[in-house]
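Chemist: Sequence and predicted structure are below.
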Amino acid sequence: MKESLLDILCCPLDKGDLELEVIREDDDEILEGRLLCEECGEEYPIEDGIPNLLPPDMRDEAAA
Amino acid sequence: MTLEDRREMPTVYEPAEDSRLLADTAVERVDGGVALEVGVGFGYVAAQVASATETRVVGCDINPEACVRAREAGIETVRSNLTDPFAADSFDVVLFNPPYLPTPPEEEWDDPLEHALSGGEDGRRVIRPFLDDLGRVLRPAGRCLLLVSSLTDIDAVVKLAADAGFESREVAEESFPFERLVVLEITHANS
């Protein structure tokens, strides 16, 4: 994901702002990292450039 | 085509007549701003809009394989349940070709393509929560282009939209032997 995507993302649970932690990036986007909700502290992974913003209880079961 | 016929197909919904109707309509009516395609799948509609217009297009899908495919098609993609993780007033345009085939419970099966096709018993299982959250993410002057089939009961979808505070009008349609596909343009009722 591009860092600018952060402007239009929020926590799916409480709509809180998200803080970005970059683990790996290239010239134009973040490839691995985490998005942390500033309200509830929930963590959402960014893997292979795709942020997974499913609520935690749907992460494993939904349309795997 | 019935759900049964689709069972041999891959796990991501492939672009079909409905995708093309939505893409053509979006390319005609959208230019500029920020757009979200919900249920982006292979990224066909999103890529058409991104290449033919000056619109920044973001995609989302609940299916992880669809997210990978859409990203490969050059679309910024988020894995999400509908519009849940998008901030208020983010989009000028929201595009959605929802799962809409009415499906009896005994024919439901548990795989990702079911999510891409089945709209539950009345065909409106996914449209309902989508419309409930649409008003939050759509900017005041924004609009949604929603693909709906006569199989899903177009008037019932218009009523659901009205209940959620929207006005709807048909802006494109295409008829087939067993169904009529329509693109509804949905806007805030007060806009």
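Modeler: It's in.
Chemist: show me where chain A has strands.
Modeler: A:18-25, A:30-37, A:43-47, A:50-51 (DSSP state E).
Chemist: Reformat these as a markdown table; add mean pLDDT, distance to B:Thr25 and mean neighbour count.
Modeler: In short, each C-beta sits where N, CA and C put it, glycine included. A markdown table is the format used below for these (pLDDT from 0 to 100; distance: least, CB to CB, whole Å; neighbours: other CB atoms under 10 Å in any protein chain shown):
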| stretch | mean pLDDT | distance to B:Thr25 | mean neighbour count |
| --- | --- | --- | --- |
| strand A:18-25 | 97 | 33 | 14 |
| strand A:30-37 | 98 | 33 | 19 |
| strand A:43-47 | 97 | 32 | 18 |
| strand A:50-51 | 98 | 27 | 24 |
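Chemist: Let me have those in a markdown table, adding distance to A:Lys2 as columns.
Modeler: A markdown table is the format used below for those (distance: least, CB to CB, whole Å):
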| stretch | distance to A:Lys2 |
| --- | --- |
| strand A:18-25 | 10 |
| strand A:30-37 | 8 |
| strand A:43-47 | 11 |
| strand A:50-51 | 11 |
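Chemist: To chain B, which of those strands lies closest?
Modeler: strand A:50-51 (4.9 Å; CB to the nearest CB).
Chemist: Give me the distance from the closest one to the chain's centre.
Modeler: 6 Å (CA atoms, centre = their mean, to the nearest Å).
Chemist: and what of stretch A:47-60?
Modeler: That offset, for stretch A:47-60, works out to 7 Å (CA atoms, centre = their mean).
Chemist: Need the residues that contact that stretch.
Modeler: Stretch A:47-60 has contacts (CB atoms under 8 Å, 6 or more residues apart in numbering or on different chains) with A:1, A:5, A:9, A:12-13, A:29-32, A:35, A:42, A:44-46, A:62, B:62, B:64, B:67-68, B:71, B:77-81, B:84-85.
Chemist: Any idea how many residues pack against the closest residue to B:Gly120 other than its chain neighbours?
Modeler: Sequence neighbours aside, B:Thr103 is the residue nearest to B:Gly120 in space, at 6.4 Å (criterion: CB to CB, 6 or more residues apart in numbering or on different chains). Residues lying near B:Thr103 (other CB atoms under 10 Å in any protein chain shown) number 21.
Chemist: what about B:Thr103, which SS state?
Modeler: Put simply, B:Thr103 is coil when judged by DSSP: H, G, I helix; E, B strand; the rest coil.
Chemist: Provide a list of residues in contact with B:Arg125.
Modeler: Residues counted as contacts of B:Arg125 (CB under 8 Å, 6+ apart) are B:Pro99, B:Ser118, B:Gly119.
Chemist: before we move on, back to that, name only those of the contacts of stretch A:47-60 that count as buried.
Modeler: A:1, A:5, A:9, A:12-13, A:30, A:35, A:42, A:44, A:46, A:62, B:62, B:64, B:67-68, B:71, B:77-81, B:84-85 (16 or more other CB atoms under 10 Å in any protein chain shown).
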